[in-house]
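> The following comprises the amino acid sequence and a computationally predicted model.
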Amino acid sequence: MEVDIILVVTRFAVDDGDSGFVERAQTALETLAARPGYLRGRLGRALDEPGLWLLITEWGSVGDYRRALSSFEVKLNATPLLAQALDEASAYEVLTAAAPGGELAVRPSDLAIGPSARPEPDQPPGRALASPS
């Protein structure tokens, strides 16, 4: 179970008349997937609100993600789509993950301030895992 990853969740509100959105999103995903540090990605649509879409990508590190965004290919093929995203936070550090069967993998936050996913002293910790190689 990978917990040492960056999860990027980019949401879009797409008008019914925007017939080119899916093609642009697929091109963006394909372009991001070619960058070093990219782990996986998906394009999804809300079941109950078909105008809401999201593009989820996972990265080996925040540096991998930021370097990808600065590449020429991403600026050309993905940034125009990403500029249409809802104005909200999109990059997250994964603090807790669960494998099938419910076993947790927990890691502390890299942030200097704010809440952490560290278990309380009286709670059993999840299985700590090494960083992916």
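Alright, I've got the coordinates. Numbering: from 1, shown residues only.
> Report the rounded mean pLDDT for stretch 54-73.
The pLDDT scores in stretch 54-73 average 96.
> Now do that stretch: distance from first to last residue.
One end of stretch 54-73 to the other measures 21 Å (Cα to Cα, to the nearest Å).
> same check, this time on stretch 91-109
Distance across stretch 91-109, first residue to last, is 14 Å (Cα to Cα).
> That stretch: which residues count as buried?
93, 94, 95, 97, 104, 105, 106, 107 (16 or more other Cβ atoms under 10 Å). (Each C-beta comes from the backbone N, C-alpha and C, glycine too.)
> Kindly reformat the residues you listed as a markdown table containing distance to residue 71, secondary structure and pLDDT.
Shown next, in a markdown table, are the buried residues of stretch 91-109 (distance: Cβ to Cβ, whole Å; DSSP: H, G, I helix; E, B strand; the rest coil; pLDDT from 0 to 100):
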| residue | distance to residue 71 | secondary structure | pLDDT |
| --- | --- | --- | --- |
| 93 | 22 | strand | 92 |
| 94 | 23 | coil | 91 |
| 95 | 28 | coil | 90 |
| 97 | 28 | strand | 90 |
| 104 | 35 | strand | 90 |
| 105 | 30 | strand | 90 |
| 106 | 33 | strand | 89 |
| 107 | 28 | coil | 87 |
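> This structure: strands as residue ranges?
6-13, 38-45, 52-59, 91-93, 96-98, 104-106 (DSSP state E).
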